[in-house]
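*Asks:* Curious how this folds, go ahead:
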Amino acid sequence: MDTKMGFPGGGGGGKMWHIWWEKISGQGCKIHQQYYQYIGSKKVKRALWRKLLLTWVVGWIIVSLWILCYMSLQGIEKRKETLASMCDERARMLQDQFNVSMNHIQAMSILISTFHHAKNPSAIDQKTFARYTERTAFERPLTSGVAYAVRVLHSEREQFEKQQGWTIKRMDTLEQNPVHKDDYAPEALEPSPVQEEYAPVIFAQDTIAHVISVNVLSGKEDRENVLRARESGKGVLTAPFRLLKTNRLGVILTFAVYKRDLPSNATPNERIQATDGYLGGVFDVESLVEKLLQQLASKQTVIVNVYDTTNHTHPIAMYGSNESGDDFYHVSTLNFGDPFRKHEMHCRFKQKPPWPWLAITTSFGILVIAFLVGYIFHATVNRIAKVEEDCRVMTELQKQAVAADVAKSQFLATVSHEIRTPMNGVLGMLHMLMDTDLDVTQQEYVRTAQESGKALVSLINEVLDQAKIEFGKLELEAVLFDIRAILDDVLSLFSEKSQGKGVELAVYVSDQVPELLVGDPRRFRQIITNLMGNSIKFTDKGHIFVTIHLVEEVVHSIEVDKESNSENTLSGSLVADSRRSWEGFRAFSQEGPLGSFSSLSNDLVNLIVSVEDTGEGIPLDSQPRIFTPFMQVGPSISRKHGGTGIGLSISKCLVGLMNGEIGFVSIPKIGSTFTFTAVFTNGLRNSNECKIQQTSNQQSASSEFEGMTALIIDPRPVRAKVSRYHIQRLGIHVEIVSDLNQGLLTISNGNIVINMVLIEQEVWDRDLGLSSHFVNNTRKIDHGVPPKLFILVNSSTSFKASVNTDADNPTVITKPLRASMLAASLQRAMGVQNKGAPRNRELQSLSLRHLLRGRKILIVDDNAVNRAVAAGALKKYGADVVCVSSGKEAISSLKPPHQFDACFMDIQMPEMDGFVATKRIREMEESVNREVSMDENVTNWHVPILAMTADVIQATHEKCLKDGMDGYVSKPFEAEQLYREVSRFFQSS
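*Replies:* Numbers count the residues shown, from 1 in each chain. Below is the predicted model:
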């Protein structure tokens with residue numbers, strides 16, 4: 001649909017004014033910045049400032065006037081676009097509805113050709129036609145009537161008139177002398193004069209039934225319309241004229257009705273010869289346009305005029321008025337399907353355009369802002385120099401603060417390293433001293449000194465960890481470890497304290513947790529140690545209970561859920577409900593890892609660990625800051641229990657690195673429960689070799705107890721479950737009963753052969769007479785060997801002495817239970833010895849002796865004590881050791897060819913540190929290897945170099961590998977780590 005605007009000027013559109021405003025404001029900011037720069041640097045004199053300010057004001061006045069004109073033109077353009085849209089919408093609706101009516105009229109022409117001319121007798125008469133057109137009028141929304149005129153030749157006129165019963169009337173006199181609709185009478189029309197052919201109307205809709213018998217070829221407009229329609233074969237429109245009877249402006253759309261289907265390329269003469277009649281639709285333009293505009297809500301705001309512009313010099317008004325309105329208008333072209341007739345719709349607003357208040361207020365506002373900015377320029381000139389000076393001072397202070405922070409951390413790392421170095425020497429010497437012949441008192445002194453030294457190193461490690469956390473440099477390892485062995489070690493660490501207090505200490509790991517995991521065992525052990533250490537400090541009675549489950553197990557299994565009542569706890573004391581400690585964890589929400597855990601990877605293991613105690617609890621006012629570094633619950637508690645207050649903050653950071661969360665619940669005078677989650681990798685899935693090794697270790701550890709059955713007598717389900725967990729780790733089948741009578745019944749039954757009975761101290765002390773009766777009866781059983789009796793106690797001093805029996809008292813096993821301790825106790829009591837492999841430490845020591853015997857090893861360390869400790873440790877395993885004190889001596893000693901099998905090199909040394917020395921050695925080896933590369937019988941030189949360091953911040957594995965080292969060991973040497981590193985290079989001899 002073609003459109004055009006009737007308002008001159010206005011430009012060709014453009015961008016919105018706010019885009020321009022961004023450009024202007026950007027230039028303003030640039031000028032502002034340059035202005036500050038010049039003034040602040042004192043490059044512009046004060047006299048020039050006033051000129052610059054005046055130029056600023058004048059320039060913005062001009063800009064404001066330009067904005068006013070620009071936005072006014074934008075408003076006019078917007079008004080034009082709105083008018084064009086409204087006018088085009090009306091034109092499109094009128095045109096679409098006209099096309100619908102035209103298509104239906106064309107379809108009616110086909111209907112007449114089929115049912116009137118093609119059938120004899122005709123299937124259509126006036127009544128049928130009128131009824132049909134009346135019922136289908138809704139399909140022709142713009143027509144006021146439809147009529148059909150048949151083609152009659154002059155030779156057929158007389159017979160036609162007799163058939164129809166009326167005379168063919170003429171139309172031209174009515175066109176010359178229009179009459180009012182009330183005076184119109186079809187019977188008064190004159191008969192049509194003699195002509196070659198006629199086109200009288202035989203069928204008509206009831207609304208225009210007055211045109212029946214009128215010869216449409218006798219009217220000028222209709223005649224031209226009919227002749228063009230039959231020649232073209234298309235719909236043809238008349239010029240606007242006054243309709244009969246209604247005397248309103250209208251047009252007639254005419255379609256020719258042919259005897260047969262004509263080809264599309266038929267000639268005009270062929271079309272004339274094939275014509276049967278003419279179907280016309282009458283359109284009352286004025287009422288139809290008015291009806292269309294009534295459908296639009298904005299009718300009252302726009303004035304619409306419709307014109308026939310076939311003769312563009314004298315257009316014919318078809319609809320509209322001369323009502324005054326806006327100065328400009330919009331023209332939309334109308335296409336009614338007749339290429340000969342041209343029509344247009346002219347639209348304009350009724351109201352004059354309003355004042356451009358937006359442009360006025362915007363330009364005025366910009367001018368005001370410009371004045372204010374100018375005033376700000378003038379007012380801030382005297383302050384710029386001071387502000388810059390303040391900024392310079394603040395920058396200097398910031399640099400000093402950052403430097404002080406860095407210096408603090410460097411000082412912390414350096415001092416801690418310098419403290420660790422002599423402490424490692426002390427611990428190493430004490431370790432060597434323990435291998436000498438000492439009496440019991442001397443061994444106790446040395447052991448006490450070792451514990452004190454380890455406590456000091458542990459404190460230093462905590463401070464270093466906190467420093468690494470502040471700098472974001474704390475990283476985790478990914479190694480294979482046994483989580484159950486770690487918990488046994490932690491239990492051993494706290495067993496003496498718990499036994500001294502009479503506090504029951506226990507650990508339970510679910511069967512669903514894999515045997516081997518991949519992660520950082522040292523950091524996991526650190527978290528458990530911190531939490532259990534706090535519990536030991538603040539718990540004087542009751543119990544401390546550590547549980548480990550899978551997250552899915554806690555959510556989906558009722559067995560794992562705990563109730564906060566004394567009947568379902570380890571010691572019978574009330575505890576804080578552990579479920580409240582993990583209520584907000586993401587792992588238990590649909591968005592957290594639980595919802596997608598199983599679908600992400602079957603190798604991931606999501607653990608939940610709880611440490612439950614019955615201690616003093618945390619005061620309510622201290623709970624919100626419990627994870628704050630160096631936070632103490634209170635001065636009195638700090639004096640009573642000691643500690644640095646950074647253990648929990650470090651634990652929280654470590655849990656976060658393990659993709660977990662930590663929380664707690666604490667009730668004063670009841671106790672506390674800390675819970676955290678951690679994500680590891682399933683070690684058994686990742687390494688079949690490790691799985692086979694773990695299975696073989698389990699078989700060797702439990703083969704001595706294979707096929708045995710143990711009976712546990714304990715009234716508390718939780719405590720009995722813990723005992724069963726530890727005993728089943730030895731391969732022993734376990735039965736549980738709640739009292740001595742049930743135990744005696746189970747043993748006497750004979751259905752199950754009970755090899756050992758483990759009785760909880762609470763049951764034993766409840767009734768010593770019943771206990772004596774139980775012991776005597778178990779030794780009188782008729783079948784098999786009587787079971788061995790064991791008493792499980794929290795403290796050996798609290799156990800009441802023997803009962804009246806003829807045999808020895810039951811064997812006492814002091815809790816906490818651990819697999820190694822339990823196995824040793826059962827072996828001694830039952831006379832069973834493990835004929836398998838030696839203990840782990842003995843195995844490592846023996847393996848190290850096989851690996852290092854006869855090996856020539858170079859030790860490089862600037863500290864004489866450390867050299868002596870390292871040399872003593874390696875000589876202990878049969879190595880031939882040579883010591884040097886600097887990196888330069890190491891380079892000379894390892895210059896190919898040499899006889900050394902390995903080198904242990906300290907990292908921090910004066911003049912040349914271990915990293916630089918290693919690089920020089922690798923360069924020498926590469927040079928020698930290139931020279932002898934042509935000789936295939938010569939082996940390439942590459943001596944294994946292992947870093948020795950006490951600096952846990954600098955001596956990272958990645959740094960060692962980057963600088964050419966093959967691994968690193970900590971000082972003093974630990975058999976497990978030394979074996980792991982050395983076994984990668986040496987084969988057992």
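*Asks:* can you pull the buried residues of the host helix or strand of G250?
*Replies:* Per DSSP states H and E, G250 falls inside strand 249-258. Within strand 249-258, the residues scored as buried using 16 or more other C-beta atoms under 10 Å are L249, G250, V251, I252, L253, T254, F255, A256, V257, Y258. Every C-beta, even on glycine, is put in place using the N, C-alpha and C of the backbone.
*Asks:* Would you mind confirming that the fourth one is in contact with Y278?
*Replies:* In this case it means I252. No: using C-beta atoms under 8 Å, I252 is not in contact with Y278, being 9.9 Å away.
*Asks:* related to what we said a few turns ago, what is the strand holding G250 packed up against?
*Replies:* helix 46-112, helix 220-232, strand 236-237, strand 241-242, strand 275-284, helix 285-294, strand 316-319 (3 or more C-beta pairs under 8 Å, 6 or more residues apart in numbering; DSSP states H and E).
*Asks:* Centre of the chain to that strand, how far?
*Replies:* 68 Å (C-alpha atoms, centre = their mean, to the nearest Å).
*Asks:* That strand pairs with which strands?
*Replies:* According to DSSP bridges, strand 249-258 has the following sheet partners: strand 236-237 (antiparallel), strand 241-242 (antiparallel), strand 275-284 (antiparallel).
*Asks:* for the stretch 601-750 of the chain, what spans make up the helices?
*Replies:* 635-641, 647-657, 683-686, 688-702, 717-728, 740-749 (DSSP state H, counting those that start in this stretch).
*Asks:* Other residues contacting the next helix or strand after the strand holding G250?
*Replies:* Per DSSP H and E, strand 249-258 leads on to helix 268-273 as the next helix or strand towards the C-terminus. With contact meaning C-beta atoms under 8 Å, 6 or more residues apart in numbering, helix 268-273 is reached by R230, E231, S232, G233, A256, Y258, L262.
*Asks:* Let me see the contact set for the last one.
*Replies:* It stands for L262. Neighbours of L262 in contact, by C-beta under 8 Å, 6+ apart: G233, E270, R271, A274.
*Asks:* Check what pLDDT it gets.
*Replies:* L262 carries a pLDDT value of 79.
*Asks:* Please report the distance of it from G280.
*Replies:* Counting by C-beta to C-beta, to the nearest Å, the separation of L262 from G280 is 20 Å.
*Asks:* Check the first one too.
*Replies:* Counting by C-beta to C-beta, the gap between R230 and G280 amounts to 12 Å.
*Asks:* Work out the gap between the longest helix belonging to the chain and the centre of the chain.
*Replies:* Determined from DSSP state H, the single longest helix within the chain is helix 357-434. The chain centre lies 33 Å from the centre of helix 357-434; the measure is C-alpha atoms, centre = their mean.
*Asks:* Repeat that for stretch 569-576.
*Replies:* 41 Å.
*Asks:* Which positions in that stretch come out as buried?
*Replies:* Buried residues in stretch 569-576, counting neighbours by 16+ other C-beta under 10 Å, are found at T569, L570, S571, G572, S573, V575, A576.
*Asks:* ok, so of those residues, who is nearest Y329?
*Replies:* Of all the buried residues of stretch 569-576, A576 has the smallest distance to Y329: 83.8 Å, by C-beta to C-beta.
*Asks:* Am I right that the closest one falls within a strand?
*Replies:* No: secondary structure assignment (DSSP: H, G, I helix; E, B strand; the rest coil) places A576 in coil, not in a strand.
*Asks:* what's the distance between it and L946?
*Replies:* Taken as C-beta to C-beta, the span from A576 to L946 is 48 Å.
*Asks:* With T529 instead?
*Replies:* In terms of C-beta to C-beta, T529 sits 28 Å off from L946.
*Asks:* what's the answer for T114, then?
*Replies:* For T114, the distance to L946 - C-beta to C-beta - is 106 Å.
*Asks:* Which of those two has more residues huddled nearby?
*Replies:* Of the pair T114 and L946, L946 is the one with more neighbours under other C-beta atoms under 10 Å, namely 20 against 13.
*Asks:* Averaged pLDDT, stretch 738-745. What do you get?
*Replies:* On average, stretch 738-745 scores 89.
*Asks:* Correction: the previous question concerned stretch 430-437.
*Replies:* pLDDT averaged over stretch 430-437 gives 83.
*Asks:* Equivalent analysis for stretch 914-929, please.
*Replies:* pLDDT averaged over stretch 914-929 gives 91.
*Asks:* same thing with stretch 665-672?
*Replies:* Stretch 665-672 comes out at a mean pLDDT of 92.
*Asks:* centre of the chain versus that stretch, how much separation?
*Replies:* 36 Å.
*Asks:* can you give me the end-to-end distance of it?
*Replies:* Using C-alpha to C-alpha, to the nearest Å, the end-to-end distance of stretch 665-672 comes out at 6 Å.
*Asks:* same thing with stretch 533-548?
*Replies:* OK, stretch 533-548 end separation, C-alpha to C-alpha: 17 Å.
*Asks:* now do stretch 877-891
*Replies:* End-to-end for stretch 877-891, by C-alpha to C-alpha: 26 Å.
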